[in-house]
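Visitor: Test case, fold it:
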Amino acid sequence: MEHAGALRFGIVTDVHFQTEDPRAAHRDEADLRHCLEDLGRRGARFLVQLGDLIKGTPEHAPEELRQALGPFREFRGPVRHVIGNHCLQVPAAVLQQAFGLRHPWYSFTEGGVLFLVLDGMEVSLLREPGTEEDRAMLEHFRKTPGYQPWCGAVGSRQKAWLQKELRLAGEQRMPAFVLSHLPLHPATTDERHGILWNHGDIRDILAAAPAVKACISGHYHPGGYSAEGGIHYIVLPAFFARGTQSDDGCFMAELRKRRLVVSSTGGSIFHDVELDEP
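Guide: Numbering: from 1, shown residues only. Below you'll find the model as predicted:
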């Protein structure tokens, strides 16, 4: 991790941009633009959009996506998009092109830190399973008590990729942060919103990798937090619910050698956690 100064990056999740109400759409676009401009002024090196950028109204989803991406294109720095369940009302190939993604799960490095972006909807009702193992996984979870049809799972190929990335991070003594739309820990969500279907398997993979310091997610609109095995599981509140809670839905993460601080642009500190050494 960086030693001179902090790595700062902006985060927004669950914008749920809609176009059915033009006045509300105009207000939401203006608020989102103000949020991203403020993050840029405060020194965000890059932005993370944690999923559910659009409401996903079937007949309006393409236009929702077009308008919602406008403010992000004005940001002077990289924008890292995460795919959420609502996003998949737009065909996956079209969505990936709009997000500038060669692949729905991927990694990138900033300031000596490895960021791993998960595609929690790889195995879901909104995607055709990529392997027979994934098809069997889908059928298994559809029969599991508490199954939430709007959620999904990390598939077999993605799990293998995740393990390989974490192994390399360990060899290089590089700290790793996981970005996921769906929550990974049951204490950070509720039954109505749901969770990554195979969250237990993924947490086992993360727990076996000392490189992993924190996982940052969205989806659960009020936000949440838990810690397990030295890993911080952070879920940030939804942008679309701003004003109903003590935040503005616009967050800055500041990462120093042994500390992660997440605050709203309004000045409220949401998380201030100590990180284990690699």
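Visitor: Do a quick rundown of the strands in the stretch 101-250 of the chain.
Guide: Taking DSSP state E, counting those that start in this stretch to define them, one finds strands in the stretch 101-250 of the chain at 106-110, 113-117, 176-180, 212-217, 224-228, 231-235.
Visitor: what would these look like in CSV with mean pLDDT?
Guide: As requested, those are exported to CSV (pLDDT from 0 to 100):
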stretch, mean pLDDT
strand 106-110, 98
strand 113-117, 98
strand 176-180, 99
strand 212-217, 98
strand 224-228, 97
strand 231-235, 98
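Visitor: In JSON lines, list the ones you listed along with mean neighbour count and distance to Tyr147.
Guide: C-betas here are computed from N, CA, C, even on glycine. Below are these laid out as JSON lines (neighbours: other C-beta atoms under 10 Å; distance: least, C-beta to C-beta, whole Å):
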{"stretch": "strand 106-110", "mean neighbour count": "15", "distance to Tyr147": "28"}
{"stretch": "strand 113-117", "mean neighbour count": "21", "distance to Tyr147": "25"}
{"stretch": "strand 176-180", "mean neighbour count": "26", "distance to Tyr147": "19"}
{"stretch": "strand 212-217", "mean neighbour count": "26", "distance to Tyr147": "19"}
{"stretch": "strand 224-228", "mean neighbour count": "16", "distance to Tyr147": "21"}
{"stretch": "strand 231-235", "mean neighbour count": "25", "distance to Tyr147": "20"}
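Visitor: could you dump those strands to a markdown table with distance to Leu53?
Guide: A markdown table is the format used below for those (distance: least, C-beta to C-beta, whole Å):
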| stretch | distance to Leu53 |
| --- | --- |
| strand 106-110 | 17 |
| strand 113-117 | 14 |
| strand 176-180 | 14 |
| strand 212-217 | 15 |
| strand 224-228 | 21 |
| strand 231-235 | 17 |
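Visitor: Out of the ones you listed, flag the one nearest Ser124.
Guide: Comparison of the strands of the stretch 101-250 of the chain against Ser124 by C-beta to C-beta identifies strand 176-180 as nearest, at 13.7 Å.
Visitor: Give me the contacts around the closest one.
Guide: With contacts defined as C-beta atoms under 8 Å, 6 or more residues apart in numbering, strand 176-180 is touched by 48, 50, 80, 82, 113-118, 120, 165-166, 169, 184, 196, 206, 209, 211-217.
Visitor: How about stretch 252-262?
Guide: 1-3, 6-11, 39, 42, 44, 111, 113, 213-214, 216, 232, 234, 236, 251, 263-265, 269-275, 277.
Visitor: List the contacts of Ala241.
Guide: For Ala241, the contact set (C-beta under 8 Å, 6+ apart) comprises Asp14, His221, Pro222, Gly249.
Visitor: Same question for Asp52.
Guide: Thr13, Asp14, Val15, His16, Gly84, Asn85, His86, Cys87, His181, Gly218, His219, Ala238.
Visitor: Over to Thr13?
Guide: If you count contacts by C-beta under 8 Å, 6+ apart, then Thr13 has Gln49, Leu50, Gly51, Asp52, His181, Ser217, Gly218, His219, Leu236, Pro237, Ala238, Phe239 around it.
Visitor: okay, these in JSON lines with distance to Glu29 next?
Guide: As requested, these are exported to JSON lines (distance: C-beta to C-beta, whole Å):
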{"residue": "Gln49", "distance to Glu29": "14"}
{"residue": "Leu50", "distance to Glu29": "18"}
{"residue": "Gly51", "distance to Glu29": "18"}
{"residue": "Asp52", "distance to Glu29": "16"}
{"residue": "His181", "distance to Glu29": "21"}
{"residue": "Ser217", "distance to Glu29": "24"}
{"residue": "Gly218", "distance to Glu29": "19"}
{"residue": "His219", "distance to Glu29": "22"}
{"residue": "Leu236", "distance to Glu29": "20"}
{"residue": "Pro237", "distance to Glu29": "19"}
{"residue": "Ala238", "distance to Glu29": "16"}
{"residue": "Phe239", "distance to Glu29": "12"}
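Visitor: Near Val12, how many other residues are there?
Guide: Applying other C-beta atoms under 10 Å, we find 24 residues neighbouring Val12.
Visitor: hey, what's it bridged with?
Guide: With DSSP bridges as the criterion, Val12 is bridged to Gln49.
Visitor: could you check the distance from it over to Arg102?
Guide: According to C-beta to C-beta, to the nearest Å, Val12 stands 22 Å off from Arg102.
Visitor: Thanks a lot, see you next time.
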